[in-house]
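>>> sequence and predicted structure are below.
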Amino acid sequence: MEQMQIGKWSIEYSTALTREAYEHCVGSPETCSCSYCQNWVQVRHFTYPPEALAIFERLGINPKCEAEVWEVETAPGSHLYSGWFHFVGRIVEEEDVRAFRTHALTASFSIEFSSRIALAAESFHGLPLVRLEFVAEAVPWVTDTL
């Protein structure tokens, strides 16, 4: 396993094992017919900032295979999306967990890491996992339905 520091977290990870697990995944938005998920499918490619995509690449995460995504309308035409991915690894060290946890990558995109695992794809079962959670603010609505 390799190791890196991101914000308050020291993470061990296996890029190869994570990529292998993602070969057999379908993102939750692709399996959902709700308008919120269908909007996310249309906007995710320009919502994930380069900083996040670089972290995803390093960890082996497929940015089109979220385990879960949810949405809140924050203003007319502007939405907050949150969700998570899994990757093979573990949290080695985490600074004061009582403190505000997210790590801002940009003014409108933040991440955090958690050992709480939920909705992991079958291809991840039996592997040590970490959850990478994200929050994307000011996401536009581009689909015809709401």
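Okay, I see it. Numbers count the residues shown, from 1 in each chain.
>>> which residues touch Glu2?
The neighbours of Glu2, taking CB atoms under 8 Å, 6 or more residues apart in numbering as the test, are Glu12, Tyr13, Ser14, Thr15. No exception for glycine: its C-beta is placed from N, CA and C like everyone else's.
>>> give me the buried subset of the residues you listed.
Buried members of those, scored by 16 or more other CB atoms under 10 Å, are Glu12, Tyr13, Ser14, Thr15.
>>> and those as a markdown table, adding distance to Val139, secondary structure and pLDDT?
Listed next are the buried ones among the contacts of Glu2 as a markdown table, based on distance: CB to CB, whole Å; DSSP: H, G, I helix; E, B strand; the rest coil; pLDDT from 0 to 100:
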| residue | distance to Val139 | secondary structure | pLDDT |
| --- | --- | --- | --- |
| Glu12 | 31 | strand | 97 |
| Tyr13 | 27 | strand | 98 |
| Ser14 | 31 | coil | 98 |
| Thr15 | 28 | helix | 98 |
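>>> what about Ile111, which SS state?
strand (DSSP: H, G, I helix; E, B strand; the rest coil).
>>> from here on, call the first residue 572.
I'll keep to 572 as the first residue from here, and by that count the last item is Ile682.
>>> what's the distance between it and Cys605?
Distance, Ile682 to Cys605, by CB to CB, to the nearest Å: 24 Å.
>>> okay, these two: which has more neighbours?
Neighbours per residue (other CB atoms under 10 Å) separate Ile682 from Cys605, with Ile682 holding more: 22 against 12.
>>> turn the contacts of Glu573 into CSV, including distance to Leu624.
Listed next are the contacts of Glu573 as CSV, based on distance: CB to CB, whole Å:
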residue, distance to Leu624
Glu583, 21
Tyr584, 16
Ser585, 19
Thr586, 14
